[in-house]
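Asker: I would like to see how this sequence folds:
(one chain, ligands or ions: 1)
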Amino acid sequence: MGCADRCHFIPPYLLRHLAAAGPAQVSAGSRSTLLVDDVLRERRLERPPVRTAVAGAGRFVVHSADNTEDLPGRPVRFDGDAPSGDERVDDAYGGTAATLDMFEEVFGRASVDGAGSAVSVTVHYGTAYVNAFWDGAQLVFGDGDGVVFGPFTRPIDVLAHEFTHGVTQFSAGLTYRGQSGALNESVSDVFASLVKQRVAGETADAADWLIGAGIFLPHVQGRALRSMKEPGTAYDDPRLGTDPQVGSMAAYVETTDDNGGVHINSGIPNRAFHLTATAIGGHSWEAPGRIWYDTLTGGQIQPSANFEAFATATIQSASRLYGAGSAEADAVRAAWSTVGVGRAPRRDLAASGVAASEPSGASVSASPVSRVSVRCTGGFAGLSRSASMDVRSDPAGPAVAALLSRIDYTSLIGWTPMPDRLVYTVEVDDERFDVPEQAMPPELSEVVRLVLGDQID
Ligand SMILES: [Zn+2]
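Answerer: Below you'll find the model as predicted:
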C-alpha cells in the first residue's frame, strides 16, 4: 500500500528536458541523481523501511547526510532545540513543525501514521541532488543543483507534499497509478498548500495556490512547479519545457508514462479543491480541508478509487459534516462539475493504467537485438528523459545485448507503483515494458545507465 519505498519530488518529464537542454552542470546533476537512485534502490533491499524510533527525538529530528547518501545521517536538531545555524536544517525543522502542527491542531492527527511516531528528516542528501523523497520511513532533501533548482528544503510545501504521501500511505492507501495515482498526487498538493496557507495566515482568495514556489533559481522562467488554480501555467522555460498539467476532464491525458500521468492529471482534482475552497471562502484548511481530510482518512474510498469515486466521497463528507443542502456541499458538487468529473460516463481510465504495467513477454532476449530505447518518467516535478541506442553499432552495444540476455523478465511482473518514483519504459526492438526503479533488476539498471548515459555525455 502507498509509498513503501522512497518518494521522489521531481517528476521525470522535467528531468528529461533538463538533461536534454540544460547546461552541463544540470546534466551532470540530473545524471548524478539517477545514479544515486539506482544505488538507493539496491540499498533498499538491504535496509527495509523501518519506523523511526529516535530516542529523545520528541515529535521529530532533522539529520544531515553531509552530502553523502547515507541515511538517516547525523542528528543535528531535535524537536525543541534552538536553531542550528544551518539554513537547510532550520528550514526543514520549521517545515516539519508546521506540517505536524497543522495535522495535529486542525485534523487531530498525530504524526504521519496517526499514532505519533517520531518523524525523521534528512537534509544535505547527496551531491547536487535535485529531488526530495519519502522512503516509507523518512523525509529526505537534496540541496539542488545550484543552476536551475535551489535547495528542496526552501519551499515549505515541498516538505508538506512528501509528508502527505506518508499520511496517504497510512490512510486511504491510494494506488499510485492512473486516476487513483493522480488523486494520491493531488492530495499531497492539497495538504501542502494548506500548510503553506496556514503558515501565511491566508484566505483562499489571497493564496497563490502554487506548489514548489521558490524552488527555481531566479533566472528560471517559472513561478513554481504546479498551479492548483491554473494547472499548466506554472512554468515555461527553455530548459524545463512547458508545464504539462491539465485542469479538466476534457483535457485528460492518456499516457503510460509517469504511472499513467499521475503528475499531469492531478491538476484536475487540484483545481476541484481550489474551486471548492474559493467558493466556500475563508481559510482553506477549515471546511474545505476538513472535507478532504475526512474523505482521505474516513475509510469510504478504496485504494483503487477513480476521480468519480473520490468526488462522490467528498460530496458525502461535505453532506455529513455540514448538511446535504449546505453551501459547503454545494461548493464541492459544483467544483467537480466544473472540472468535468461526474458529468458524463467515461471508460475506466484507472483500469487501463493498471494494464500498462504488464511486461510484454519473456522472449525479448531470444533474438539478436538491434535497438534499445529508454524513457524515464514519473517523479515529483515531471522530469523525464529518453534516449536510444543502436546496439549493433554502439561501442556499448555488446554489453547491452549481454545484459538483456541475462534479465529474468518474469521478475518484472506484478510491481506496485510508488509516489514520485521514477518509471522506466524500455523498448527492445518491438517489445516494450514499463518498470519502476524499485523493481529494476541490476542488469536492467545497467542497460538504462548505458543507454541514457550515451545521450547525456
Ligand atoms: Zn508526489
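Asker: Please spell out the segments of the stretch 1-150 of the chain that come in under the pLDDT threshold.
Answerer: 1-13, 15-57 (pLDDT under 70).
Asker: which residues of it fall in helices?
Answerer: For the stretch 1-150 of the chain, the helices defined by DSSP state H, counting those that start in this stretch cover 12-21, 24-46, 87-105.
Asker: now the strands for the stretch 201-350 of the chain?
Answerer: In the stretch 201-350 of the chain, the segments counted as strands under DSSP state E, counting those that start in this stretch are 210-211, 226-227, 236-237, 241-242.
Asker: May I see those strands arranged in CSV, with distance to residue 58, mean neighbour count and mean pLDDT as well?
Answerer: Any C-beta I mention is one placed from the backbone N, CA and C, and that applies to glycine too. Below are these laid out as CSV (distance: least, C-beta to C-beta, whole Å; neighbours: other C-beta atoms under 10 Å; pLDDT from 0 to 100):
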stretch, distance to residue 58, mean neighbour count, mean pLDDT
strand 210-211, 28, 25, 98
strand 226-227, 32, 30, 97
strand 236-237, 41, 16, 94
strand 241-242, 42, 16, 92
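Asker: Rebuild the ones you listed as a markdown table, extending it with distance to the ion.
Answerer: Below are those laid out as a markdown table (distance: least, C-beta to the ion, whole Å):
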| stretch | distance to the ion |
| --- | --- |
| strand 210-211 | 10 |
| strand 226-227 | 10 |
| strand 236-237 | 21 |
| strand 241-242 | 19 |
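Asker: Against the ion, how distant is the nearest residue to residue 425 once chain neighbours are set aside?
Answerer: Of all residues not flanking residue 425 in the chain, residue 375 sits nearest, at 4.4 Å (C-beta to C-beta, 6 or more residues apart in numbering). Residue 375 is 20 Å from the ion, where distance means C-beta to the ion, to the nearest Å.
Asker: Double-check that residue 375 belongs to a strand.
Answerer: Yes. Membership of residue 375 in a strand is supported by DSSP: H, G, I helix; E, B strand; the rest coil.
Asker: That one contacts residue 386, doesn't it?
Answerer: Yes. Here residue 375 reaches residue 386: they are 4.0 Å apart, a contact under C-beta atoms under 8 Å.
Asker: Compare these two (neighbour count), which wins?
Answerer: residue 375 (24 against 21; other C-beta atoms under 10 Å).
Asker: Can you give me every residue that contacts the more buried one?
Answerer: Counting by C-beta atoms under 8 Å, 6 or more residues apart in numbering, residue 375 touches 16, 257, 384-386, 424-425.
Asker: Of those, which is the most crowded?
Answerer: Counting by other C-beta under 10 Å, top hit in the contacts of residue 375: residue 384 with 29 neighbours.
Asker: Residue 258 is in contact with that one, correct?
Answerer: Yes. Between residue 384 and residue 258 there is a contact at 7.4 Å, judged by C-beta under 8 Å.
Asker: In contact with residue 369, which residues?
Answerer: Neighbour list for residue 369: 391, 400-401, 404, 428-429 [criterion: C-beta under 8 Å, 6+ apart].
Asker: what about it, distance to residue 387?
Answerer: 15 Å (C-beta to C-beta, to the nearest Å).
Asker: which stretches of the stretch 251-400 of the chain have low pLDDT?
Answerer: Judged by pLDDT under 70, the stretches of the stretch 251-400 of the chain that qualify are 343-367, 378-383.
Asker: mind listing the helices for it?
Answerer: With helices called from DSSP H, counting those that start in this stretch, the stretch 251-400 of the chain shows them at 258-265, 267-280, 287-297, 307-322, 327-338, 349-355, 397-406.
Asker: right, and those helices - which one's nearest the ion?
Answerer: When these are compared by C-beta to the ion, helix 258-265 sits nearest the ion, at 7.3 Å.
Asker: what's the closest one packed up against?
Answerer: helix 12-21, helix 178-200, helix 349-355, strand 371-378 (3 or more C-beta pairs under 8 Å, 6 or more residues apart in numbering; DSSP states H and E).
Asker: So it, near the ion or not?
Answerer: No. Counting by C-beta under 5 Å from the ion, the ion has no neighbours in helix 258-265; the shortest distance is 7.3 Å.
Asker: between that helix and helix 267-280, how many degrees?
Answerer: Using axes from the mean of the first three to the mean of the last three C-alpha atoms, to 10 degrees, the inter-axis angle of helix 258-265 relative to helix 267-280 is 30 degrees.
Asker: And for residue 173, the neighbour number?
Answerer: 18.
Asker: Hmm, residue 304 and it touching each other?
Answerer: No. Between residue 173 and residue 304 there is no contact under C-beta under 8 Å: 9.7 Å.
Asker: Let me know the distance separating the nearest residue to residue 225 once chain neighbours are set aside from the ion.
Answerer: Take residue 225 and drop its neighbours on the chain: the residue closest to it by C-beta to C-beta, 6+ apart is residue 212, 3.4 Å away. With distances taken as C-beta to the ion, residue 212 is found 11 Å from the ion.
Asker: swap in residue 204?
Answerer: Relative to the ion, and taking C-beta to the ion, residue 204 is found at 23 Å.
Asker: same check, this time on residue 190
Answerer: 12 Å.
Asker: For that residue, list the residues it contacts.
Answerer: 164, 228, 269-270, 273, 289, 292.
Asker: next one: residue 425
Answerer: 256-257, 374-377, 432-434 are the contacts of residue 425 under C-beta under 8 Å, 6+ apart.
Asker: Could you point out which of those residues is nearest to residue 130?
Answerer: residue 376 (13.5 Å; C-beta to C-beta).
Asker: Is it correct that the closest one is in contact with residue 434?
Answerer: No. Between residue 376 and residue 434 there is no contact under C-beta under 8 Å: 10.9 Å.
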